[in-house]
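J.: would you be able to build a 3D model of this:
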Amino acid sequence: MTAAPDVVIAAARAWLGTPYVHQASVLGVGCDCLGLARGIWRDLHGAEPVTPPPYTRDWGELGGAEVLAEAARRFLLEIPIAEAAPGALILFRMARGAPAKHCGIRSQTGLIHAYEGAGVIEEPWRPHWARKAAFAFLYPR
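T.: Model (predicted):
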């Protein structure tokens, strides 16, 4: 069973306006994209099952393992990217040949994500995001 899309989106929207802080996950204080995904987990399930190790903010790292996708597979239900509807956590490759290092929640019309310089925002779903989408997951219920 998976969490209802409206519940996931509401949890994500609660973070709107939270400033961007690399490796943080504190509602209203600071988070990055992974911190947003972690905060949604806590809202749905309570304590996080693991603490993520330190990670770089460099989206342009070439090659390497899909660390974010592998971690998501441990706790979330992977779905085909073509089935990423509202409520899905989507992982993005921000550069060709780079591992997926950005994530956000698909809403009915957009993407909710934490972006350096902007904090947690909701913006329209654009072809730019669709082209970069690499993996999609659903939160369990």
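J.: any idea of the mean pLDDT for the longest helix anywhere in the chain?
T.: Longest helix of the chain, by residue count under DSSP state H: helix 33-45. Regarding helix 33-45, the rounded mean pLDDT is 98.
J.: now swap in stretch 86-102 and tell me
T.: 94.
J.: show me which residues of the longest helix of the chain are buried.
T.: By 16 or more other CB atoms under 10 Å, the buried positions in helix 33-45 come out as 33-41, 43. Heads up, the C-betas are built off the backbone N, CA and C, glycines and all.
J.: which residues touch the helix or strand following that helix?
T.: Next helix or strand after helix 33-45 toward the C-terminus (DSSP states H and E): helix 67-75. Residues outside helix 67-75 that contact it (CB atoms under 8 Å, 6 or more residues apart in numbering) are 34, 41, 49-50, 52, 55, 78, 89, 91, 99-101, 103, 134-135, 137, 140.
J.: if we use 6 Å, what do you get?
T.: Helix 67-75 has contacts (CB atoms under 6 Å, 6 or more residues apart in numbering) with 91, 100, 135, 137.
J.: in that helix, what counts as buried?
T.: Buried, per 16+ other CB under 10 Å, within helix 67-75: 68-69, 72.
J.: angle of that helix against helix 33-45?
T.: If you take axes from the mean of the first three to the mean of the last three CA atoms, to 10 degrees, helix 67-75 sits at 10 degrees to helix 33-45.
J.: helix 67-75: what's the following helix or strand?
T.: strand 77-79.
J.: for that next one, name the packing helices and strands.
T.: Using 3 or more CB pairs under 6 Å, 6 or more residues apart in numbering; DSSP states H and E, the elements in contact with strand 77-79 are strand 133-138.
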